[in-house]
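Q: got a structure for you, letters missing:
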Ligand SMILES: [Zn+2]
Ligand SMILES: [Zn+2]
């Protein structure tokens, strides 16, 4: 290659930038070795739902970044372009994987910022390699091992070993400092304070009675301006509400669609946390169809002994006994066509309507209207004409969904092991809606976005979404999302935008 005057200066600058990138990779790699969960959660949204995943975070992610750092820094120190090409290959593959994920995983662009950084790194490293070709100082032949493992490399390697060993030795002090920052930040945050005016729908539980690693029992929250409602309270969902930083003390009412266990199992915890978390002075209002009385009284009874203990320990400013538990309110829907208005204040209207979940009668769905935006939540139902009417033109339809073929496979596999599971998984086919049927309803009602929840059977990863949806996309042209806990849909007032985010 010809040496062009001035190129050495450009090459030096690029080499410094490449060195910085190498150190960033080094810090990330060490981060994955020392604090895999912190780096994965805060930088990569890669939460380990199972504790054993930490092994892969340390091993695989650590290796990727340390490997890229290793070749990047060696390429910089020894001025060998062949070495710098290694992180370029890896970065290109990382970016390719991200682009595939944006398309097939139907994820919001949460990682767009990371993608931009990676593209910048790729550009700098590529320019660096090109500049080596024109530089008088760069090595022109493939590296010999002894030139690669030089003194500078050994110094960096030694520093790495010292940092890792030091971090593990001082893990108690580092842990406490880190806790100070992270815990302080998460306690100060409150979702309502962060969200702009509009209609917001959050998924705190998208599961069913079947155990699902990614989904708690069914529970949705709706925030309309300052009004906060919880719709159903399935097992475990209160913990998700708290993780999503939903201020439980601000709940206006809990609306139950019906009193099946997978919709009420979390109610005791929800009433309890709303009480102790916010010093309520009146019980939480629980609205629902016939049966809500005995459910709420039962939970009140079950938690009454503990309520006494909490009062004795914390006193009336925290645990005012007047605010403990819940007050049931039974509603009736007499007009099948119009439903029954449950709340109407200012810009907000909440309507309950009948759905078909026989033998569970009555069973409700709910519609929320706020400043020109609307959402319908189906509850559990077969395809329902009254739901289709209520969903006419809504922005977001949360419809329950059961995939019969996938369920049948579970049912068949269970026959030899458990006749009960085999029978239950067959019985439930008769009172839920298939994804294609939900898509047809969304099409007929001119819904803007179809969001499936109450997912049966549990799908452990997004890869199965298209098998779960079957031919749904043939029936409905709009966007279809298979719900997972933590999704948040925001609808700004008087607009057509539906913004999808993660809140877990
Ligand atoms: Zn049900
Ligand atoms: Zn259910």
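A: Looks like it came in fine. Quantities reported herein were computed from a predicted structural model and do not represent experimental measurements. Numbers count the residues shown, from 1 in each chain. Ligands and ions are numbered 1, 2, ... in the order given.
Q: Domain map for this protein?
A: For the chain, the domain assignment from automatic domain parsing gives the residue ranges 7-188, 199-502.
Q: just so I know, which of those domains lies nearest ligand 2?
A: The closest approach between ligand 2 and any of those, judged by Cβ to the ion, belongs to domain 199-502 at 4.3 Å. Every residue, glycine included, has its C-beta placed from N, CA and C.
Q: so how many other residues sit close to residue 468?
A: A count of neighbours around residue 468, defined by other Cβ atoms under 10 Å, yields 20.
Q: same thing with residue 256?
A: 29.
Q: circling back to that earlier point, please tabulate the domains of the chain in CSV and include mean pLDDT and distance to ligand 1 as additional columns.
A: Shown next, in CSV, are the domains of the chain (pLDDT from 0 to 100; distance: least, Cβ to the ion, whole Å):
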stretch, mean pLDDT, distance to ligand 1
domain 7-188, 80, 25
domain 199-502, 91, 3
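Q: okay if I get the ones you listed as CSV plus distance to ligand 2?
A: Formatted as CSV, these follow (distance: least, Cβ to the ion, whole Å):
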stretch, distance to ligand 2
domain 7-188, 22
domain 199-502, 4
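Q: can you list contacts of stretch 164-177?
A: 30, 33, 34 (Cβ atoms under 8 Å, 6 or more residues apart in numbering).
Q: As JSON lines, those residues with neighbour count would be great.
A: Listed next are the contacts of stretch 164-177 as JSON lines, based on neighbours: other Cβ atoms under 10 Å:
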{"residue": "30", "neighbour count": "19"}
{"residue": "33", "neighbour count": "22"}
{"residue": "34", "neighbour count": "18"}
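Q: Can you tell me how far residue 225 is from residue 9?
A: Spatial separation of residue 225 from residue 9 under the definition Cβ to Cβ, to the nearest Å is 58 Å.
Q: More neighbours: which of those two?
A: For residue 225 versus residue 9, the count of surrounding residues by other Cβ under 10 Å is larger for residue 225: 18 against 11.
Q: ok, for that one, nearest residue in space, not its chain neighbours?
A: Nearest-residue entry for residue 225: residue 197, 5.7 Å, with adjacent residues in sequence omitted and distances by Cβ to Cβ, 6 or more residues apart in numbering.
Q: With residue 258 instead?
A: Nearest residue to residue 258 in three dimensions, chain neighbours excluded: residue 363, at 4.0 Å (Cβ to Cβ, 6+ apart).
Q: Now for that neighbour: which residues touch it?
A: For residue 363, the contacting residues are 257, 258, 289, 354, 355, 356, 357, 379, 380, 381, taking Cβ under 8 Å, 6+ apart as the criterion.
Q: State which helix of this protein is the longest.
A: Using DSSP state H, we find that the single longest helix of the chain is helix 7-34.
Q: Can you point out the buried residues in that one?
A: Of the residues in helix 7-34, those with enough neighbours to count as buried (16 or more other Cβ atoms under 10 Å) are 7-8, 10-11, 14-15, 17-19, 21-22, 24-26, 28-34.
Q: Wait, residue 94 touches residue 118, no?
A: Yes - counting by Cβ atoms under 8 Å, residue 94 touches residue 118, with 6.1 Å between them.
Q: ranges for the helices of the stretch 251-400 of the chain?
A: 261-264, 267-278, 292-314, 385-390 (DSSP state H, counting those that start in this stretch).
Q: How far off centre is the third one?
A: Using Cα atoms, centre = their mean, to the nearest Å, the distance from the centre of helix 292-314 to the centre of the chain it belongs to is 31 Å.
Q: Over to the first one?
A: For helix 261-264, the distance from its own C-alpha centre to the chain's C-alpha centre is 21 Å (Cα atoms, centre = their mean).
Q: ok, residues contacting it?
A: 207-209, 217-218, 232-235, 256-257, 295, 379-380.
Q: mind listing what's buried in it?
A: Here helix 261-264 shows 262, 263, 264 as buried, counting by 16+ other Cβ under 10 Å.
Q: again with stretch 387-405
A: Going by 16+ other Cβ under 10 Å, stretch 387-405 has these buried residues: 387-388, 390-391, 394-404.
Q: go on, stretch 273-291?
A: Neighbour counts over stretch 273-291 (16+ other Cβ under 10 Å) mark 273-276, 278, 280, 283-284, 286-289, 291 as buried.
Q: try stretch 237-251
A: Buried residues in stretch 237-251, counting neighbours by 16+ other Cβ under 10 Å, are found at 237, 238, 240, 241, 242, 244, 245, 246, 247, 248, 251.
Q: do stretch 457-470 as well
A: Buried positions in stretch 457-470, judged by neighbour count with 16+ other Cβ under 10 Å: 457, 458, 459, 462, 464, 465, 468, 469, 470.
Q: How much space separates the closest residue to the fourth one other than its chain neighbours from residue 99?
A: Put plainly, it is residue 462. In space, not counting the residues next to it along the chain, residue 462 is nearest to residue 105; the distance is 4.9 Å by Cβ to Cβ, 6+ apart. Residue 105 sits 11 Å away from residue 99 when distances are taken as Cβ to Cβ.
Q: coming back round to it: out of the domains of the chain, deepest packed?
A: Per residue and on average, the most neighbours among the domains of the chain fall to domain 199-502, with a mean of 19 (mean count of other Cβ atoms under 10 Å).
Q: Ends of that domain, what's the gap?
A: Taking Cα to Cα, to the nearest Å as the measure, domain 199-502 stretches 16 Å from start to finish.
Q: Relative to the whole chain's centre, how far out is that domain?
A: 16 Å.
Q: Please name the nearest non-neighbouring residue to residue 426.
A: With sequence-adjacent residues excluded and distances taken as Cβ to Cβ, 6+ apart, residue 426 is closest to residue 411, at 5.5 Å.
Q: How about the contacts made by the one you found?
A: 421, 422, 425, 426.
Q: Go ahead and confirm residue 17 touches residue 128.
A: Yes - applying Cβ under 8 Å as the test, residue 17 and residue 128 come out as touching, 7.2 Å apart.
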